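Peer 1: One predicted model, sequence on top.
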Amino acid sequence: MKQFVSLQKLSKGDQVAIISPSAGLPEIFPWVLDLGRKRLNEQFGLITKEYPTTRKMGSSLEDRARDIMEAFSDERNKAVFASIGGSDQIKLIKHLDPKLFTENPKPFFGYSDNTHLHNFLWSLGIPSYYGGGVMNQFGMNVQMFDMTVNSIKKALFEGGELELMASSEYNDIGLDWSKKENLNKQRPLEKNDGLFWDGQGQVDGTLWGGCVESLIVQTSTGIYLPSNEDIEGTILILETAEDIPEHWIIEYLLTGFGERGWFGKFQAVLVGRPKAWEFDQQNTTKEKADYRKQQRETILRVVREYNKNIPVIQNLDFGHTDPQIVMPLGMNVRIDTTSKKISLSY
């Protein structure tokens, strides 16, 4: 099983970096980043530092890679946060110097397109936290979700274990960021479906995975995927992005994993609640429920073609909906299907 370094915990007053490894959307919606930065400062007691491309759309791959490396190499930065995701991050991984990161390991937070940077760090034996976007979670309308805050505090300051509980309500309906006043309006909440359990066993393993769309391009290149040996004993996490992909897309990704023999190596599969509403696809409550159900059925069908028994737990609180728990990639997770408990190690 792959070995990972232990990350140092932070203290109040520490400095953290904010970067934009993918899209420079803070240039278009600066008030959203400002709110997220204010909460990092005031709610978490951290000092924040931005880099040249943090608030710049269309920055070159080389410039963004430079900012990533400077953020990690600066010993004053005790953690690094992505402002938001995007779509082209896989292209900049080749511009990163692996040695710089192994000599300067530190917590990294982000999700979606940041799957690529997470898996780059994972390949170097450096854990990271899937979630906690500065604009998305720290810049949440009105206030941050308690569940999100609690998991971020575990990751940053406290360590130890956190039992993954299902939220009672969730949000996947956005409010237009172009209207600054929307930050003072509560996003609509709907009843959560709870967790969907299938399979048997008491298992533990190291988390690996991320956003389906990003994993598809990683699988296509093959360059940044773990080796068969490294994937042994891991627990796969998956979630789909805001483009609400058709179900055959996740089916193809999982089929590829199955044909690699990986469902004989994964100890379990954890799936985040899929986002089923977007501004250009404003689905009704029923349409959203139908989409989630069809995705669950697709995932379970494909996994069971390759492994009849491993636990598959779906509709978890991570990914592109809120509340969001930051998932500790490269760290241990324990699952007990009898007591229906999932314990995350931070």
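Peer 2: Right, received. Where do you want to start?
Peer 1: Could you point out the longest strand of the chain?
Peer 2: Longest strand in the chain by number of residues (criterion: DSSP state E): strand 202-211.
Peer 1: Can you list the residue ranges for strands in the stretch 201-346 of the chain?
Peer 2: For the stretch 201-346 of the chain, the strands defined by DSSP state E, counting those that start in this stretch occupy 202-211, 234-239, 268-272, 312-316, 327-329, 332-336, 341-345.
Peer 1: With mean neighbour count, mean pLDDT and distance to residue 38 as added columns, please give the ones you listed in a markdown table.
Peer 2: In short, each C-beta sits where N, CA and C put it, glycine included. Shown next, in a markdown table, are the strands of the stretch 201-346 of the chain (neighbours: other CB atoms under 10 Å; pLDDT from 0 to 100; distance: least, CB to CB, whole Å):
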| stretch | mean neighbour count | mean pLDDT | distance to residue 38 |
| --- | --- | --- | --- |
| strand 202-211 | 22 | 98 | 27 |
| strand 234-239 | 25 | 98 | 27 |
| strand 268-272 | 25 | 98 | 27 |
| strand 312-316 | 22 | 98 | 29 |
| strand 327-329 | 26 | 98 | 25 |
| strand 332-336 | 19 | 98 | 32 |
| strand 341-345 | 18 | 98 | 28 |
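Peer 1: Can you tell me which of those is nearest to residue 64?
Peer 2: Across the strands of the stretch 201-346 of the chain, residue 64 has its closest neighbour in strand 202-211 (18.1 Å, CB to CB).
Peer 1: neighbouring strands for that closest one, and are they parallel or not?
Peer 2: Using DSSP bridges, the neighbouring strands of strand 202-211 in the sheet come out as strand 234-239 (parallel), strand 332-336 (antiparallel).
Peer 1: Is it correct that residue 39 is in contact with residue 141?
Peer 2: No - here residue 39 does not reach residue 141: they are 12.0 Å apart, not a contact under CB atoms under 8 Å.
Peer 1: In a markdown table: the strands paired with strand 202-211, plus distance to residue 26.
Peer 2: Compiled in a markdown table, those are given as follows (distance: least, CB to CB, whole Å):
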| stretch | distance to residue 26 |
| --- | --- |
| strand 234-239 | 23 |
| strand 332-336 | 32 |
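Peer 1: Quick check: which of the ones you listed is nearest to residue 128?
Peer 2: Among the strands paired with strand 202-211, strand 234-239 comes nearest to residue 128, with 12.3 Å by CB to CB.
Peer 1: Show me how far that closest one is from its chain's centre.
Peer 2: Chain-centre distance of strand 234-239: 11 Å, with CA atoms, centre = their mean, to the nearest Å.
Peer 1: Can I get it in PDB, CA atoms only?
Peer 2: C-alpha atoms of strand 234-239 as PDB (Å, rounded to 0.1, in the frame of the first residue of the first chain):
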ATOM      1  CA  THR A 234      -7.700   2.200  -1.600                       C
ATOM      2  CA  ILE A 235     -11.300   3.500  -1.300                       C
ATOM      3  CA  LEU A 236     -12.600   5.300  -4.400                       C
ATOM      4  CA  ILE A 237     -14.400   8.600  -4.200                       C
ATOM      5  CA  LEU A 238     -16.400   9.900  -7.100                       C
ATOM      6  CA  GLU A 239     -18.700  12.900  -7.800                       C
END
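Peer 1: how far off strand 312-316 does that strand point, in degrees?
Peer 2: Between strand 234-239 and strand 312-316, the angle comes out at 40 degrees (axes from the mean of the first three to the mean of the last three CA atoms, to 10 degrees).
Peer 1: what does strand 234-239 contact?
Peer 2: 130, 203-212, 215, 226, 250, 257, 262, 265-274, 299, 318-320, 327, 329, 333, 335 (CB atoms under 8 Å, 6 or more residues apart in numbering).
Peer 1: now with 6 Å?
Peer 2: Here strand 234-239 makes contact (CB atoms under 6 Å, 6 or more residues apart in numbering) with 205-209, 212, 266-272, 319, 327, 333.
Peer 1: tell me the angle it makes with strand 341-345.
Peer 2: 100 degrees.
Peer 1: that older thread, quick one, which of the strands of the stretch 201-346 of the chain gets closest to residue 97.
Peer 2: strand 327-329 (20.9 Å).
Peer 1: Just say helix, strand or coil for the spatially most central residue of the chain.
Peer 2: By CA atoms, centre = their mean, the chain has its centre lying nearest to residue 130, at 3.0 Å. Here residue 130 is strand, with the state taken from DSSP: H, G, I helix; E, B strand; the rest coil.
Peer 1: Grab the nearest non-local neighbour of it.
Peer 2: Nearest-residue entry for residue 130: residue 327, 4.2 Å, with adjacent residues in sequence omitted and distances by CB to CB, 6 or more residues apart in numbering.
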